[in-house]
Each structure stands twice: as structure tokens, then as C-alpha cells.
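**Student:** Test case, fold it:
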Amino acid sequence: MNSCQPTFQRIGMLGGTFDPVHLGHLRSAVELHEALGLERLHMIPAPQPPLRGEPRVAPQTRLALLQAGIGDTPGLVADDRELRRAGPSYSADTLAELRDQYGDQARLVMVVGHDAFLKLAQWHAPQRLFELAHVVVIDRPGYNDPLPEGLRELLGEREVDSVSELMKRAKGSLLRLSLPSRMAISATGIRHRLAASQSVRYLVPEAVERLIIQKALYRDE
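**Tutor:** Numbers count the residues shown, from 1 in each chain. Reported below is the predicted structural model:
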């Protein structure tokens, strides 16, 4: 008798402005790919995130920087689907597209940072996120403050405590995940350095730095 359990594709979504993409983004993406056992992690630049200010660089340029940064890294994909969509970038719509692409049984995971997680109840159609996917939060060490009331109501009993528990179902759960490398790099800091004609070497991949210099990006911050 065959006791093997069926295996399902594990697909991740990591959205952001990537303005510009830096080594902190990319190292986190690699560690998420490993920790969650993902076949593919879609890194998706947003043209205009609803809850953030306008990015400094045009969407297609940020996509080109992301493609350059990822290079040939296995399992990471620079995905332009939100740039091809008219209107605001709603994560629920992107998850719906990914769910259609990979099917009902795929283990679909949306990854968010801790600051974004705290505002999750304010997102467009937040309940729909869990109807389409799991949510994985990149945990912030030492954060012990109580969660906002609206977020507590949204989460209910959804939280699980392990990747294996998360992957038993296709969607609907929350996992807080600590990553091994916590790189204190910010896109804002990089933009300020570039505006001041300071080096960003070892903050961004060399291919990204070359493209920034070639196109004279972020000089008017």
C-alpha cells in the first residue's frame, strides 16, 4: 500500500515598490524560498501601492532593476503582472490571478513585512486575501506590542506555528516567520545616498548599481 502523501506546488508572492531593489530584499527572498520550500517566488513591483507614497522611479525601470538584481537566482521571478493592469495595485487581485494560474490545490503564500502586516486590516478586501492564499509575515524580533483590534478580528484563529502546518491546506492561515539574515538596508537610505553622490556598493547587487549609474537614477531625491 502506498502511503505517500500527495505533493502540491508551493508558490509565493512578494510585492513591493522595489524602489530600488536591494540586497535586503533579495536575501529575504532567497531565505523565504528555502524556508517555505517554494517552487517559485513571484517578486511583483507595484505601479502605485494604495497605502504608500508614489515611487521615485517609473514602474518599468523598477522592473528592469529587479530583473537585473535577480539575475539567474533559482526560484525567483520578476513578475510584471501588476504593471500590465490598469488602476491601483490590489494584492487580492494579484492573488486571484496566481490562484487561477496554479490551480485550487497549490499552496499559495503572500509574504508581507511586519509594518505592512500591522496595517493588513486596512487593505482592500482583506478577508479575500485569506480566501485565496496563506499570509506569511516576516517577523520583527523583539516586537511584543498587542496587535490592533481590527487586525485581531481579521486573523481570528488563523495563526499556525510551523511551515508544515501551514502547507497542509491551500489557503487561509497565517504564519509568522523569522529569517536568519536581518539586513538593515533601506531603499530610502539608498536613494538618499545616490542623491548625495555617495556609494551604494554592497547595498545593491552590482548589476543594479550599474543600471542605476547608466540611467542616472535617483539623482534628484
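
**Student:** Just the residues contacting the least confident helix or strand in the chain by mean pLDDT, thanks.
**Tutor:** The least trusted helix or strand in the chain, going by mean pLDDT, DSSP states H and E, turns out to be helix 114-118, with a mean of 92. If you take Cβ atoms under 8 Å, 6 or more residues apart in numbering as the criterion, helix 114-118 is touched by 135, 137-140, 143, 147-148, 151. Backbone N, C-alpha and C define where each C-beta goes, glycine included.

**Student:** Off-centre distance for that helix?
**Tutor:** Relative to its chain's centre, helix 114-118 lies at 12 Å (Cα atoms, centre = their mean, to the nearest Å).

**Student:** ditto for stretch 191-209
**Tutor:** With Cα atoms, centre = their mean as the basis, stretch 191-209 stands 22 Å off its chain's centre.

**Student:** ok so, going back, which elements pack onto whichever helix or strand comes after the least confident helix or strand of the chain?
**Tutor:** Next helix or strand after helix 114-118 toward the C-terminus (DSSP states H and E): helix 126-132. With contacts defined as 3 or more Cβ pairs under 8 Å, 6 or more residues apart in numbering; DSSP states H and E, helix 126-132 has these neighbours: helix 91-102.

**Student:** Now do the helix it packs on, average pLDDT.
**Tutor:** Across helix 91-102, the average pLDDT comes to 97.

**Student:** now swap in stretch 42-55 and tell me
**Tutor:** Throughout stretch 42-55, pLDDT has a mean value of 77.

**Student:** Residue 213: neighbour count?
**Tutor:** Residue 213 has 11 neighbours, counted by other Cβ atoms under 10 Å.

**Student:** where's it relative to residue 198, distance?
**Tutor:** Counting by Cβ to Cβ, to the nearest Å, the separation of residue 213 from residue 198 is 13 Å.
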